[in-house]
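In: here is the input, now give the coordinates:
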Amino acid sequence: MRTWGPSAVLAAALLVPASMLSTPATAGTRAPARRLPAGSPPCPNVPAPATRPPQPPPAADPVARAVGGAALATAGLTLPPAAPAPPAVTATSWVVADLDTGAVLGGCGPHEYGVPASVQKLLLAAAMLPRLEPDREVTVTAEDLAIEPGSSAVGLVAGGRYRIETIWLGLLLKSGNEAANALARLGGGPDGTAGGIRAMNTEARRLGALQTHAVTPSGLDGPGQFTSAYDLALIARACFADPAFRRYAATRDARIPAQPALRAKAFQISNDNMLLDHYPGAIGGKTGFTDLARHTYVGAAERGGRRLVVTLLGAEVTTQRGWQQGAALLDWGFGLPRDAAVGRLVRPGELDRAAASPTGAASALAGGAGLGGAGATTGAWPGTGPSVAVGAVLVAGGALLLARRRRHAALAALPPGTASRGAAPEDD
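Out: This next block holds a predicted model:
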């Protein structure tokens, strides 16, 4: 399958009329997505990754940022018309989207670059689940266990024999970095882990995640690794379309078998995603944390026949953990009308097909097609209007934001290749 390289992106940009990169209202029926007016407090800007990636060509990057709809190409809030203000969170970027229709219900800096931490394991799952037989028994190697000291591990042992299903559970329940290495190696073909990482990046391109690039299978920080909240929503949608992933992600407890020959006893593991225990209708997700990325989170839930996903990057834990911030945003999303949207998640392979079609490219970038209602109906919220004070949501914790920017500036001074990790009670 052809990948969506910089030349294809730029070619599509040249094919898209400027009028298609906006979302004008249809008279009497629809209104454009609402963005903060000039002079309003912006959504906190996502700082550039300290391990600076090779960025897309400047001419192509604005197009990548417009994938799914021009209203998503903002560093600030983008909300359906007359929607209530979203809850105050410390995440520097986030997206709430419908897993089934692909509608993006709202977001903050959807296409801003960020660092994934362990939510990158979802991209590993999207790439490797179709490649690996769950019942196959494999041997974990010493190289698989070569992870950063103190980083998250499930407890697999070198020389141990495990079913691939067991390794998936170790990855998704306990965020085992050695499990990530093993799965990338096993699915990477003759080139092992390097082949697995290439497969992850190929899958990202196929899904339309143009702002995602993996350099480690686990999400541990490395030079040139980045993602966005929008891309994470694309990746999560692909994962939740897989029945095996849904089963693993919803598993509360699992058993890692003994390895008698290695004198390793069996033990139990529990799912680190607290959304499963505390949010009615939760169907799974993934936590993440490194010193550089801060808290990252992907979570999904079902309510009233709707399945929504939330993705967030760069969060701080003050009064709420990452999953709690995700839960608050899910509540906000479930409160919106079913036809509310500011854009859409492109379909797998859509951008490749669009490269050869002016109409397809315009549809992918304009974000209005294929939703069955890709915009909020004017007046859907009685008693509200364009003057809703969304700016108030963003001003909480100004001192925290200043401290965060200073911390990221310090992290940016790290030598290239420095991996940064931190311990957190619910993340890794």
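In: report the mean per-residue pLDDT for the helix or strand containing M200.
Out: Assigned by DSSP states H and E, M200 falls within helix 192-207. Mean pLDDT, helix 192-207: 97.
In: P110: what secondary structure?
Out: Under DSSP: H, G, I helix; E, B strand; the rest coil, the three-state class of P110 is coil.
In: cool, and R255?
Out: Secondary structure assignment for R255 (three-state DSSP): strand.
In: my read is that it contacts F267, right?
Out: Yes: look at R255 against F267 with Cβ atoms under 8 Å: they come within range, at 7.4 Å. For glycine as for every other residue, the C-beta is placed from the backbone atoms N, C-alpha and C.
In: just the CA atoms of stretch 162-172, as CSV, please.
Out: C-alpha atoms of stretch 162-172 as CSV (Å, rounded to 0.1, in the frame of the first residue of the first chain):
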residue,chain,number,x,y,z
TYR,A,162,4.5,-17.5,27.2
ARG,A,163,1.5,-17.4,24.9
ILE,A,164,1.3,-14.3,22.8
GLU,A,165,-2.1,-13.6,24.4
THR,A,166,-0.4,-13.5,27.8
ILE,A,167,2.1,-10.9,26.5
TRP,A,168,-0.7,-8.8,25.2
LEU,A,169,-2.4,-8.8,28.6
GLY,A,170,0.9,-7.8,30.2
LEU,A,171,1.2,-4.9,27.7
LEU,A,172,-2.3,-3.5,28.0
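In: quick one: A214 from L330, how far?
Out: As judged by Cβ to Cβ, to the nearest Å, A214 and L330 stand 26 Å apart.
In: ok, which stretches of the protein are helices?
Out: For the chain, the helices defined by DSSP state H occupy 6-15, 61-65, 121-128, 164-174, 177-187, 192-207, 229-240, 243-249, 275-278, 322-334, 350-354, 358-366, 391-394, 398-412.
In: now tabulate those helices in CSV and tack on distance to A75 and mean neighbour count.
Out: Formatted as CSV, the helices of the chain follow (distance: least, Cβ to Cβ, whole Å; neighbours: other Cβ atoms under 10 Å):
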stretch, distance to A75, mean neighbour count
helix 6-15, 20, 17
helix 61-65, 10, 21
helix 121-128, 24, 28
helix 164-174, 31, 24
helix 177-187, 31, 26
helix 192-207, 22, 20
helix 229-240, 12, 29
helix 243-249, 30, 18
helix 275-278, 27, 17
helix 322-334, 18, 24
helix 350-354, 22, 21
helix 358-366, 18, 21
helix 391-394, 12, 17
helix 398-412, 14, 13
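In: can you flag the weakest of those by average pLDDT?
Out: Lowest mean pLDDT of the helices of the chain: helix 391-394, a mean of 28.
In: now for D144, how many residues are close by?
Out: When neighbours are counted by other Cβ atoms under 10 Å, D144 registers 25.
In: sorry, wrong one. I was asking about G284.
Out: When neighbours are defined as other Cβ under 10 Å, G284 has 24 of them.
In: and it, bridged to which residues?
Out: In this structure, G284 bridges to A300 when assessed by DSSP bridges.
In: you'd agree it is up against F240?
Out: Yes: look at G284 against F240 with Cβ under 8 Å: they come within range, at 7.3 Å.
In: now for the two: what residues contact both?
Out: Jointly contacting G284 and F240 under the rule Cβ atoms under 8 Å, 6 or more residues apart in numbering are 246, 249, 300.
In: turn those residues into TSV, including distance to R338.
Out: Below are the shared contacts of G284 and F240 laid out as TSV (distance: Cβ to Cβ, whole Å):
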residue	distance to R338
R246	22
A249	24
A300	17
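In: of those residues, closest to A355?
Out: A355 lies nearest to A300 out of these, by Cβ to Cβ, at 30.0 Å.
In: give me the neighbour count for the closest one.
Out: Counted by other Cβ under 10 Å, the residues lying close to A300 total 29.
In: mind checking how far it is from D135?
Out: Plainly put, A300 is 26 Å away from D135 if you go by Cβ to Cβ.
In: now H111
Out: Distance from H111 to D135, by Cβ to Cβ: 40 Å.
In: repeat for A238
Out: 23 Å.
In: same question for I283.
Out: Separation of I283 from D135 (Cβ to Cβ): 24 Å.
In: do the same with S152
Out: For S152, the distance to D135 - Cβ to Cβ - is 26 Å.
In: which one of those two has more residues nearby?
Out: Between S152 and D135, counted using other Cβ under 10 Å, S152 has the larger neighbour count: 27 against 7.
In: can you give me the pLDDT of the more buried one?
Out: pLDDT, S152: 96.
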